[in-house]
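> below are the sequence and a predicted model for it; my questions follow.
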Amino acid sequence: MAQGMRRLGTPIVALLALALLALTASSWLINRDTLRQAVEMQIRSVTGLDLVVNGPIDISVFPGSYVSFHDVGLKDGGSSGPALQVDVLTANLRLLPLLLQRFEIADLMLLRPHIHVLRFADGESNWTPFIQSIARAMKPGAENQVSFSEIRVQDGVLNYEDAGNHASEKLDDIDLSLAWPSISRSFAATGQFDWRGERVDGSIGIGDFVAALSGDRSGVKARLSSAPLKLAFDGTAANRTSAMMEGTLTIDSPSLRNALQWTGQVPPAGGGFGRFALKARANVVGGSIALTNVNVELDGNVAEGVMTYSDNGRQTLQATLAADALDFTPYISTFRLLASGARDWNRQLFDLNALSATDLDMRLSAARVTVGPSKLGHTAFGANLRGGALALSVGEAQVYGGIARGSFAVSRADTVADVRAQFQFTDVDLQSCVGELFGINKLSGHGNLNVSLTASGSSPFGLAQSLDGTATLTGHDGAISGFNVEQLLKRLERRPLSGGGNFRSGTTPYDNLTVSVKFSDGTATAEDVRIEGPGSRVTLSGTASVPAREYDLKGVASLTSGAGGASAFDLPFVVQGPWDDPLIFPDPESLIRRAPAAAPLLDAVKDHKTRDAVRSVIERFTGGQKAAAPDASASADPGKTN
């Protein structure tokens with residue numbers, strides 16, 4: 001066997017040696033000028049472009065069979081400038097045809113190509129004649145039907161300029177593999193590139209490459225994948241008069257806010273805009289995209305419907321969506337009316353840039369809506385943003401146990417926000433409604449609330465300073481916590497100087513509540529405030545400062561008899577202090593006048609200094625509360641009972 005192997009190996013070695021000698025001899029016998037011309041002719045036949053060689057040419061037959069052109073330009077025969085510049089263009093040759101003195105390119109390698117694409121205002125580009133040349137060269141029946149299987153691009157750079165939109169982009173470190181159509185009509189490209197600091201993996205497949213180059217309809221599959229965004233399209237495309245695409249579009253992003261920033265868009269101010277996913281049937285015509293059968297997810301909110309997007313000089317988004325449940329809490333989480341941990345209004349300036357970035361027309365409906373602590377039932381509302389003005393309208397919302405309707409508008413003037421709000425709440429739970437809207441947590445019952453307000457400012461504090469408008473509230477069958485008017489009046493009726501006791505405990509039930517307030521430059525004036533209970537009646541007048549969030553009110557609390565509601569005992573009182581914890585105390589002078597022993601003493605003291613000293617002592621008996629200053633009529637007529 002060993003002898004047989006040696007006998008068999010001898011001719012094999014001889015054959016290999018002969019082949020090696022033939023290759024070596026071929027490398028010396030090949031006409032290098034003929035080889036170069038053949039390679040240039042094949043590149044011209046396949047691409048329709050001419051080679052412009054400005055540097056040296058390297059030719060190798062063995063051990064590697066290739067031709068390398070340095071400092072090369074590819075250009076159309078009728079154009080003045082090259083379509084692209086390549087530092088080194090290498091054409092690898094097929095070995096067996098080379099031994100037969102035939103020169104066939106196996107594949108091309110483009111090292112450090114520099115591609116410049118300029119899109120003119122009329123939609124044409126500097127690559128239009130080159131694409132037309134390639135399309136002519138690849139049409140069936142064209143002369144010299146030759147091809148090569150692959151074109152590889154390494155460390156390339158692409159510069160894109162859009163003269164119509166004054167935009168430019170740059171792709172760096174491009175590594176691509178192009179499967180050039182030979183036997184089949186398809187085309188495929190896969191690779192990677194850097195764009196805006198992120199590495200992007202991409203692939204594209206075209207079913208009919210010749211039709212695509214001619215602008216006719218062809219099947220297209222495309223995919224882009226990066227850390228901020230993943231995008232996929234599967235459908236058809238054409239480009240006769242304008243770009244048209246139809247198919248299934250899928251977009252996925254771990255953070256829509258980051259994806260918008262990466263693509264050069266201005267994300268909305270505030271929170272939210274995290275996890276995002278979209279799948280829809282897309283129809284693209286020019287700069288407009290129509291999406292049907294939309295299934296979109298954002299921050300855990302899932303909705304279905306239709307959407308359209310256009311970018312014809314200004315971005316416009318329209319949508320009609322329906323959802324089972326929506327949670328808007330993430331989008332208001334960073335917005336604070338009040339300063340954190342304080343009773344003052346927030347003075348942080350508004351960020352109004354997002355109002356000028358995009359036009360929006362959206363209609364949403366949901367069975368359940370959550371906005372912070374508020375829980376809404378079936379809700380239908382719309383949002384319109386155009387020219388820096390945002391308008392929100394609520395057709396009907398089930399909230400606070402009742403129904404809400406209204407509108408809210410914000411328009412931008414430099415750094416100032418002009419705000420207008422009109423809302424009607426019908427048969428709502430007043431404790432949750434007034435508590436969440438105004439921060440007043442001492443009112444319960446059911447009723448109606450109508451609000452019409454306007455304000456202008458660059459912060460919540462600025463809006464509070466300029467607040468104008470009206471608010472009316474009607475309630476029934478509820479209570480006001482913090483004091484018990486009827487119990488207090490009965491005690492003071494029997495013993496006027498028995499001491500103030502605790503005026504800030506208990507509750508005052510009411511049958512009917514009426515509140516009418518007018519706002520002007522941040523000051524709320526009580527025009528009609530009445531509380532009517534089963535055994536008492538309260539009326540209020542005065543003002544409240546919206547910027548300071550403080551009351552300065554005077555009122556009269558009355559005991560009412562059963563017959564006709566006649567007043568049996570009246571007590572003036574004062575409400576002062578912060579909204580969330582006001583001071584409520586009776587008028588000491590009125591109590592003194594009702595006490596038989598103290599009234600003559602007060603009448604006897606005519607001197608202001610002496611009267612003030614005596615009043616200070618009496619105030620200690622009435623609970624240590626500061627008395628409201630008596631008006632002029634009371635001082636002139638000390639015998640009159642209030």
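Okay, I see it.

> can I assume residue 366 sits in a helix?
No. Under DSSP: H, G, I helix; E, B strand; the rest coil, residue 366 sits outside any helix and is assigned strand.

> wait, doesn't it sit right on residue 327?
No. Judged on CB atoms under 8 Å, residue 366 makes no contact with residue 327 at a distance of 9.6 Å. In this view, the C-beta of every residue, glycine as well, is placed from N, C-alpha and C.

> so the two - more neighbours on which side?
residue 366 (23 against 17; other CB atoms under 10 Å).

> what separates the more buried one from residue 291, distance-wise?
Per CB to CB, to the nearest Å, residue 366 is found 20 Å from residue 291.

> what about residue 332, how many residues close to it?
13.

> check contacts around it.
Applying CB atoms under 8 Å, 6 or more residues apart in numbering to residue 332 gives the contacts 270, 271, 371, 372.

> quick check on the second one: phi, psi?
Translated: residue 271. In this entry, residue 271 is assigned phi and psi values of phi -100, psi -170 (degrees, to the nearest 10).

> not counting its neighbours along the chain, what's nearest residue 549?
Distances taken as CB to CB, 6 or more residues apart in numbering put residue 579 closest to residue 549, at 4.8 Å, once the chain neighbours are dropped.

> burial count for residue 139?
Counted with other CB under 10 Å, residue 139 comes out at 12.

> distance check, it against residue 88.
30 Å.

> again, but for residue 197
Using CB to CB, residue 197 is found at 28 Å from residue 88.

> and these two? which has more neighbours close in?
Applying other CB under 10 Å to residue 197 and residue 88 shows that residue 88 carries more neighbours, namely 17 against 8.

> neighbours of the residue nearest to that one when sequence neighbours are not counted, how many?
With CB to CB, 6+ apart as the criterion, residue 88 has its nearest non-adjacent residue at 4.1 Å, and that residue is residue 111. Using other CB under 10 Å, residue 111 has 16 other residues around it.

> residue 111: which element?
According to DSSP states H and E, residue 111 maps onto strand 105-119.

> which residues of the stretch 351-500 of the chain fall in helices?
430-438, 460-465, 485-494 (DSSP state H, counting those that start in this stretch).

> for the second one, packing partners?
Of the remaining helices and strands, those touching helix 460-465 by 3 or more CB pairs under 8 Å, 6 or more residues apart in numbering; DSSP states H and E are strand 416-429, strand 443-457.

> try the longest one
Helix 485-494 is packed against strand 536-545, strand 550-560, strand 567-578, with contacts defined by 3+ CB pairs under 8 Å, 6+ apart.

> can you redo those strands as a markdown table with distance to residue 527?
As requested, those are exported to a markdown table (distance: least, CB to CB, whole Å):
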| stretch | distance to residue 527 |
| --- | --- |
| strand 536-545 | 8 |
| strand 550-560 | 12 |
| strand 567-578 | 16 |
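
> skipping adjacent residues, who's closest to residue 173 in space?
With CB to CB, 6+ apart, the residue lying closest to residue 173 is residue 194, at 4.7 Å.

> please name the residues that touch the one you found.
171, 172, 173, 200.

> before we move on, the earlier item: please determine how far the residue nearest to residue 88 is located from residue 457.
61 Å.

> same thing with residue 64?
75 Å.

> who has more neighbours out of these two?
More neighbours surround residue 457 than the other of residue 64 and residue 457, with 21 against 10 (other CB under 10 Å).

> contacting residues for that one?
416, 417, 463, 464, 465, 466.

> would you turn the residues you listed into a markdown table with distance to residue 574?
Converted to a markdown table, the contacts of residue 457 look like this (distance: CB to CB, whole Å):
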| residue | distance to residue 574 |
| --- | --- |
| 416 | 37 |
| 417 | 36 |
| 463 | 29 |
| 464 | 24 |
| 465 | 25 |
| 466 | 28 |
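
> where exactly do the strands run in the stretch 251-400 of the chain?
276-285, 288-298, 301-311, 315-327, 359-371, 374-386, 389-399 (DSSP state E, counting those that start in this stretch).

> strands paired with the third one, and their directions?
Partner strands and pairing direction for strand 301-311 (DSSP bridges) are strand 288-298 (antiparallel), strand 315-327 (antiparallel).

> can you point out the buried residues in stretch 431-447?
431, 432, 433, 434, 435, 436, 442, 443, 444, 445, 446, 447 (16 or more other CB atoms under 10 Å).

> actually, stretch 316-335.
316, 317, 318, 319, 320, 321, 323, 326, 327, 328, 330, 331.

> those: which two are farthest apart?
Pairwise distances across the buried residues of stretch 316-335 (CB to CB) peak at 26.2 Å, for the pair 316 and 327.

> does residue 527 touch residue 516 like I think?
Yes. Look at residue 527 against residue 516 with CB under 8 Å: they come within range, at 4.7 Å.

> who's more crowded, those two?
Neighbours were counted for residue 527 and for residue 516 using other CB under 10 Å; residue 516 has more, 16 against 12.

> and the helix or strand hosting that one, what other elements does it pack with?
Residue 516 is part of strand 507-520 when elements are defined by DSSP H and E. Counting contacts by 3+ CB pairs under 8 Å, 6+ apart, strand 507-520 is packed against strand 443-457, strand 468-481, strand 523-532, strand 536-545.

> please name the residues that touch residue 557.
Residues in contact with residue 557 (CB under 8 Å, 6+ apart) are 485, 488, 489, 536, 537, 538, 570, 571, 573.

> now, of the contacts of residue 194, which are buried?
Using 16+ other CB under 10 Å as the burial test, the contacts of residue 194 include 171, 200 as buried.

> tabulate the contacts of residue 194 (TSV), appending secondary structure and pLDDT.
Shown next, in TSV, are those (DSSP: H, G, I helix; E, B strand; the rest coil; pLDDT from 0 to 100):
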residue	secondary structure	pLDDT
171	strand	95
172	strand	95
173	strand	96
200	strand	97
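
> okay, the contacts of residue 194 in a markdown table with distance to residue 229 next?
Below are these laid out as a markdown table (distance: CB to CB, whole Å):
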| residue | distance to residue 229 |
| --- | --- |
| 171 | 15 |
| 172 | 18 |
| 173 | 19 |
| 200 | 9 |
